[in-house]
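>>> just need the structure, nothing else, for what follows:
(2 chains)
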There are 2 protein chains.
Amino acid sequence: MSRLIISALLALLVPLCGLARPQDDKVLKVSRTVEGAEDIFAAERQLWLLKAEQSRPELIKTRLAPQRAVVAVKDSAAFQGWRYEDAGDPGQLLYKRSFKQVKEITLDFGTHVTGYFSLHTKVLDRTPDAPVRIKLMFGELPAEMNIPLDPWQGVMSRGWMQDEYLTFETLDEYITLPRRVAFRYVRIELIGASPYFDFAIDDAFVTAVSSVGEPAVALSDDCPEIIRRIESVSNRTLHECMQTVFEDGPKRDHRLWVGDLYLQSLANRHSFRNFELVKRCLYLFAGLSSRDGLVMSNIMEHPQPHAQIGSLCLTYSLLFNSTLLEYLKDTGDYTTARELWKVAERQTREALSYVGEDWIFDKDRKGEYIWLFFDWRDGLDVDTAMQGATIFALRQTWELASLLGCTDQVRDYPAIAEKMSRAARQKLYDRKRGVFLSGKDAQLSVLSQTWMIKAGVLGAKEGAAAIRNTLSDGGAVMPGTPYGTHYLIDAMLLCGLADEAKAYLTDYWGGMLLKGADTFWEAYDPLNEYITPYGTIAENSACHAWSCTPTYFIHEYPEIFQK
Amino acid sequence: MSRLIISALLALLVPLCGLARPQDDKVLKVSRTVEGAEDIFAAERQLWLLKAEQSRPELIKTRLAPQRAVVAVKDSAAFQGWRYEDAGDPGQLLYKRSFKQVKEITLDFGTHVTGYFSLHTKVLDRTPDAPVRIKLMFGELPAEMNIPLDPWQGVMSRGWMQDEYLTFETLDEYITLPRRVAFRYVRIELIGASPYFDFAIDDAFVTAVSSVGEPAVALSDDCPEIIRRIESVSNRTLHECMQTVFEDGPKRDHRLWVGDLYLQSLANRHSFRNFELVKRCLYLFAGLSSRDGLVMSNIMEHPQPHAQIGSLCLTYSLLFNSTLLEYLKDTGDYTTARELWKVAERQTREALSYVGEDWIFDKDRKGEYIWLFFDWRDGLDVDTAMQGATIFALRQTWELASLLGCTDQVRDYPAIAEKMSRAARQKLYDRKRGVFLSGKDAQLSVLSQTWMIKAGVLGAKEGAAAIRNTLSDGGAVMPGTPYGTHYLIDAMLLCGLADEAKAYLTDYWGGMLLKGADTFWEAYDPLNEYITPYGTIAENSACHAWSCTPTYFIHEYPEIFQK
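Numbering: from 1, shown residues only, chains lettered A, B, ... in the order given. Okay, here's the model as predicted:
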C-alpha cells in the first residue's frame, strides 16, 4: 500500500469518483513526532530487532530464461491499448545475430519475475575499442512498456520506472544490472556502439529471487479451471512479494506494510506456509514501533530496517494484533506471541483512547488528524468502518489474550466491545434500509457493512441483507481496490453468501485474468482500465500483495470455491 | 591516437582539406592475421607480460572538490560558442539546499580531472520512500557539455559520451559512479524524486587517479610566463594520461599507442620521470606483438592486456625502437634493453623488406595495404616521410645496438641508411625548390621535410631552408594535429631554427591556452574551432597524450625556451 492513500482520506470535498491523487502538503499531517516521549519498549526493542534479523531468509535464486521475443502492437481492444505478439525464438532473433543489426528487441519471460537481469556479450568481429551503451526497459504490462514516459506525468518518483542504461567497455562477459527489477518484458535498445567491431548479445536471463519456491498446498482434483487459474496467479503474486520481508509490491514500493502483511499472512497459510517470514515481520514492526509503542504502518529494510516517518495509520496498527493472532494459530509459537503481547495490547489501548462516553470511536476526539485507511476510493467516509474495526480489534485481541492466558490485562474488552456494538446499532444503523451509514452525510458504503460484519455487530442474516442492500444501491460507495474488495468477500462468507462471494471473486479477479494478468494488480476497476492514483498508469504496480488473497478464500472455504 | 586515422591515409582521392572521416569498411584492410605463422617470441612472450604486470603501478588517488558552481553562457566569442560563468560556492548553492529545489547544477572542478565521481545525499525531511534518479553529464569543454548529443551525429560510439544515470533508493550515503570519467565540468540533473521526502546533495568530489603526482623537474626562474603556462598544461595533460599505462586520452580512447608512448616518454623525461611505466609499456608491446614479431599499434588493458585486431601500423612499430633507445638512455636499464633488443631488430627488418633495389621504401612492394601513419591530415602523401622514418629507425636502432654491444646483428644498417639517404636525395628532393616532394603527384608537405631532417638526410642548413620553403608555400600540406606538429618543432630545433620553433610552439599550444585549454587537445586547428574527424566536436578528446610534448622541448632546450 502506498501513502498516496492518505490523500484519499483527506480529500473529502472531491466528488465521489475515481481514486485519490496524492497531495504532498497533507502528508506531513500524519507525521508522528514522539521523540520526547518515554520509550515504553526500550528494554525489548533491540532484542526484537535481533530476532527479526535471525529470521531473515536466504533468498532462493532461480535462473530464468526469456521465453520468446515479442513485438508491441497498439490495439484498442487490448488491455490499456497495447499487447505483445510473438516474434520468435530469442536464440534465432537475438543470440546469433549482430546486435548492431538487431538494434532493438523485446524479450518476454512468460510470467512475472523479480530479480537481477543479466546479459552476456560476445565479440563477433575485431576488437572492442569503445564503450557500448544499451538502454534497458523493464515492465510488468504491455502498456507500461510502450506509452511515453517523458515528459513525466507521474505524481510519484520517475525513479520507480524501470528504464536503465548500461555503458561497458569490456565484452565477452556477463553484465548484471545492479538494480532489482520486477517485470515480464524487457526491451533492449542499442544506444551506442563502435563502427570498428561487432558483437552479439548471446545470452540473457534473470536471477529471480523470492524467499519461497513452490506452493505447499494443492487444490482438489475437481476444482473448476477458472478457480485453479485464479489461485495460481494469486500464489504467483504472493511469491513475488515474499522477499526478505512481505513486500507490498516488487516493482513499487518495495516495503512491508501491516495491512498488506495481514492479508499476505492469510494467503501464506494456504500456499507457501513460510511462517518464519511472518514472525520476522512481526518482530520488525514491534522493534520499530514508535517510542509510545504504536506499530507504524510501514517499514523499509535498507540500509537498516526503519519505519517511515509520518506513517502511523491506526487501522493498520490494529491489524498487527490480528496478524499475531493468526500467526499463533498457524504455528503454536507461544513464545513469540507472549513476547509481542504487550505490543498488541498497546494498539487496542490507543484505539480506545478515541472512544467517547457514547462508545463511539471519534477520530476528532484529540483535535489532531489521524490516518484511518480502509481503501483508497476517493471520498470514502470511514467513521462507521472504524467503529467496526475497533470492535473487531477488541475481539481479536481478547481471543489472543485467551490463548495466552492473560485476559486479566484486558478483562474489560468484551464489555467494551458489546457497548460499542450496541452504540453502533443505535447511532449508525439505518434499521429501515437495513444498512450502516457513515459520517455527517450518512454515506452508504460497502466497507461500513463489511467491517460491522467482521466486528460481529451484524449477524449472518442482517449482514447478508446489509451487503445485498448496499450492492443493489447505485449510490453506494464501492471499494476501489482489491484490498477493500478482500473485506467484502470476507464479509460475504461470514454471512453465508457463498454463491455471491464465489461469483464476486470470480468476476473481479477473473476479470484481471481475462485482461492478461500474470499477477494481480494494485489498482483494478472492471469499468476503467486506466485507473491510477499516480497520474500515469505506468506507475501502477501490477503485482501487488493486497491482491493475492483469492488463494486464502479458495483454500479456507474449499467446499465453496473448489467444487 | 585513433584508428580513424586509417581512413585519412586511404582517402587520397578526397580534396586536401580538413580531417579524415572514418570509413568503416576500410578498417579491416589493416587486419593482420598471422595465426598460422610461427610464434617467433614463443619462448619470451609470457615472461615479458609477467614483467609488464610486475611494473603495473598502484594509482595515486586524490580527493578533489569542485571549485565553484557555474552557469553556461552561449557566446559566439567563446571557444566553440560556449563558456561558463561563475555562479558561486557549491556549499551555498548545492550542499545546503534541497536538491528538489536546485533541480540542476553544473560544478566546475577548476581543471581537468580523471577519476571516479562520488556524491553524498542527505535526507532533509521525512523518509526516503522511492528511488531518486539523477543524470550526470561530464565534459572536458563547455561546448561538449551544452550542444545537443541526440540524435547522435557522431561517427564513433555514443558510449564515449560521459552522460550517465544513477538510480538509488538508499540515501544518507556516498554513491560512486562505477565508470571512470575525464572532465572538468559535471552537470547534475534531477530526473526523479518522491514528493514524500526531501534531500540534499551535500557533498560531491572526484577521486582523481594517476600513476604520478607532481612533476619532478622545475623551470628556470626567469622562464617567460607563457612558456611556464604551456609547460604546466603540458604536464597536466601527461599527468591525466599516465594511468596504468600511458593512455592516449583519459576520455577517449583509454589505451596505449606506440606513437603516443614515444612522445609521452620524451615528455616524461622532463616532468614525472616515471620510467617504470615506460618499461611496463615496452614489455606490453613486446609481449603482445604479432606471432611474426611485429609491434602492434595499440593495446587495451581490460579484461586482460590485448592488442587491437587489425592495428598494425609500421611507422608506429618502428617508434618502439626509438622509445626503447630513449628509455635506455634515461635509465641505463641494460637488462630490459637487451631483453627487448630482438623485438627492435624485428621491426627494422620488417621495414627493410619494403625497400627495393633502388633503396626506396615502397609501400606497394608486397601488393597489400599497410598502414603508415604520420598525421591525420586528409590527403597527406606519406611516401617520402616513410623513406625518412625508415632511415631514422635504422640510425636509432644502430645507436641502440652500439649501446648494447650487438652491432654485429645489424652491421649493414649504416650502409643501408646511407644508400637510402642518397636515393632519397636523388629521387625525392627537388634541389631547385629546396624541398622534398612525395608521391606520384609530387606533393609538398611539412612532414616530408621533418622526417628527412630527423633521418639526417638534410643537414641543418638545407633542412632549415626546406622548412622555410615549405611553410612559406601556401599550397603545402600542413600537419593537422599536435602529433604532426611535434615533429615540425623537433625538426626546426634540429636545424637550428630556434626562434621559429619557439614562436611556432608558443603560437600553436599557446593558442589552445588562450581558448581556455586546461589540458592540450587531440585536434586543433588555429583557424577552425570546430575541427573534428568524428562528426561532432563532442567526441573530440580535450586531453590527449600526443599534445603533451611542449614540456619536452621546453626542458630539452632550456636556453631556447626558458629565456
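
>>> buried residues, stretch A:512-520. List them.
Going by neighbour count (16 or more other Cβ atoms under 10 Å in any protein chain shown), the buried part of stretch A:512-520 is A:512, A:513, A:517, A:518, A:519, A:520. C-beta: built from backbone N, CA, C; applies to glycine.

>>> ok, which stretches of chain A are strands?
Along chain A, counting by DSSP state E, strands occupy A:60-64, A:68-74, A:82-88, A:104-125, A:132-139, A:162-168, A:174-176, A:181-192, A:198-210, A:256-257, A:298-300, A:306-307, A:429-430, A:435-436.

>>> mean neighbour count, the ones you listed: which tops it?
strand A:256-257 (a mean of 30; mean count of other Cβ atoms under 10 Å in any protein chain shown).

>>> each with direction, which strands does that strand pair with?
Using DSSP bridges, strand A:256-257 pairs in its sheet with strand A:298-300 (antiparallel).

>>> now the partner strand: how far from the chain's centre is it?
Averaging C-alpha positions (Cα atoms, centre = their mean, to the nearest Å) puts strand A:298-300 13 Å from its chain's average.

>>> who touches that strand?
Contact with strand A:298-300 is made by A:1, A:3, A:245, A:248, A:253-258, A:284-285, A:288, A:305-308, A:311, B:127-129, as judged by Cβ atoms under 8 Å, 6 or more residues apart in numbering or on different chains.

>>> again, only this time at 6 Å
Here strand A:298-300 makes contact (Cβ atoms under 6 Å, 6 or more residues apart in numbering or on different chains) with A:255, A:256, A:257, A:284, A:288, A:305, A:306, A:307, A:308, A:311.

>>> which of the strands of chain A sits closest to residue B:372?
Ranking those by proximity to residue B:372 (Cβ to Cβ) places strand A:104-125 first, at 24.3 Å.

>>> what's the closest one packed up against?
With contacts taken as 3 or more Cβ pairs under 6 Å, 6 or more residues apart in numbering or on different chains; DSSP states H and E, strand A:104-125 sits against strand A:68-74, strand A:174-176, strand A:181-192, strand A:198-210.

>>> adding mean pLDDT, write these out as a markdown table.
Listed next are these as a markdown table, based on pLDDT from 0 to 100:
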| stretch | mean pLDDT |
| --- | --- |
| strand A:68-74 | 98 |
| strand A:174-176 | 97 |
| strand A:181-192 | 98 |
| strand A:198-210 | 98 |
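
>>> chain B is nearest to which of the ones you listed?
strand A:181-192 (2.9 Å; Cβ to the nearest Cβ).

>>> does the closest one reach chain B?
Yes - legend: contact between strand A:181-192 and chain B by Cβ under 6 Å from any Cβ of the partner chain is shown at A:191, A:192.

>>> what number of residues lie near residue A:510?
The number of residues packed near residue A:510 is 18, by other Cβ atoms under 10 Å in any protein chain shown.

>>> can you pull the contacts of it?
A:226, A:230 are the contacts of residue A:510 under Cβ under 6 Å, 6+ apart.

>>> ok, now with 8 Å
The contact partners of residue A:510, by Cβ under 8 Å, 6+ apart, come to A:226, A:229, A:230.

>>> so who does the last one touch?
What that stands for is residue A:230. For residue A:230, the contact set (Cβ under 8 Å, 6+ apart) comprises A:505, A:506, A:509, A:510, A:513, A:550, A:554.
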